[in-house]
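[1] My questions concern the predicted model and sequence given below.
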Amino acid sequence: MALILVIAIIALLIGLPLLASAIKVVKEYERVVVFRLGRLRGAKGPGLVFVIPFIDTFTKVDLRVITIDVPRQEVITRDNVSVTVDAVVYYRVIDPVAAVIRVANYHYAVSLLGQTVLRDVLGQAELDDLLQRRDELNKKISAILDEMAVPWGVKIVAVTIKSVELPEEMTRAMAKQAEAERWRRARIIEAEGERQASLILGEAARIYEEHPVALRLRELQTLIEVAREKSLVVVTETGTTSLIGKLIGAERAIREQEKRLGEK
């Protein structure tokens, strides 16, 4: 009886670790590719997965979107401008079995492929395309990468060019060009303003020529404003006193009306 108890305890001590190693918990975003004695058994999960200790081996694969920060690439564009490009590749595994058995390291393979395709595509583009049509280049690189990564069970979600660094002399030249363009536009706006002002002055001159009384009233109004600001006494020609009085009275009436409206 004692011998049986000892054997049972030994079996339990050995069996529990084996049982624990045979049960694997696979998360919702994971899959395990199981091999039995070297032969593929397929992708398992999510949930509890049972493997035979010492006989089965497995590789865990993450199905979530993974980000690769592509190393900075020196690229010569089609118009012979040397630039430094930073890019990011977003991908996810859609076929765990292919990702395990068709390529030794799919993450490293996608990174190298991204560098190669990035240099090839940008080398065929001009600098203006790289600066102004970046979205189109992103889509083109993504499409090429996606097609080439299909055999590995990988889906390219997106490719993003983060930054483009130009040579220092090119940056200075572009800054000068931008400054010249701003100056040119400022001169155009100034010239347009002068043209509008000349048209307005011409129209005013025509009106005053047709209506001399209006010109005289304008002169008197200007004199009154100057006198008020400088506390001066304005001496006018004979016969204009009543006209000035009317102007002052009209102005005061307008101010009082505005004041009453403001109080309401």
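    The structure has been received and is ready for your questions.

[2] from here on, contacts and neighbour counts on C-alpha atoms
    Noted.

[3] For Val81, give me phi and psi.
    Torsion angles at Val81 (phi, psi; degrees, to the nearest 10) stand at phi -110, psi 130.

[4] Give the burial count for it, as a bare number.
    Here the count is done by other CA atoms under 10 Å, and Val81 has 14 residues near it.

[5] same question, the one 5 residues further on
    The number of residues packed around Asp86, counting by other CA under 10 Å, is 17.

[6] helix or strand for it, which one?
    strand 82-93 (DSSP states H and E).

[7] which intervals of this protein have sub-threshold pLDDT?
    1, 3, 5-6, 8-20, 170-181, 201, 204-205, 207-264 (pLDDT under 70).

[8] tell me the domain boundaries of it?
    Here the domain assignment for the chain is 21-60, 66-166, 171-210, 211-264, based on automatic domain parsing.

[9] Who does Lys24 form a beta bridge with?
    Beta bridges link Lys24 to Val49, judged by DSSP bridges.

[10] which residue ranges form the helices in the stretch 51-200 of the chain?
    96-101, 106-123, 127-132, 134-149, 168-210 (DSSP state H, counting those that start in this stretch).

[11] Can I get those in JSON lines including mean neighbour count and distance to Glu28?
    Formatted as JSON lines, these follow (neighbours: other CA atoms under 10 Å; distance: least, CA to CA, whole Å):
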{"stretch": "helix 96-101", "mean neighbour count": "19", "distance to Glu28": "14"}
{"stretch": "helix 106-123", "mean neighbour count": "18", "distance to Glu28": "20"}
{"stretch": "helix 127-132", "mean neighbour count": "15", "distance to Glu28": "40"}
{"stretch": "helix 134-149", "mean neighbour count": "17", "distance to Glu28": "24"}
{"stretch": "helix 168-210", "mean neighbour count": "12", "distance to Glu28": "49"}
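
[12] between the ones you listed, which one is nearest to Ile4?
    The closest of those to Ile4 is helix 96-101. By CA to CA, the value is 45.7 Å.
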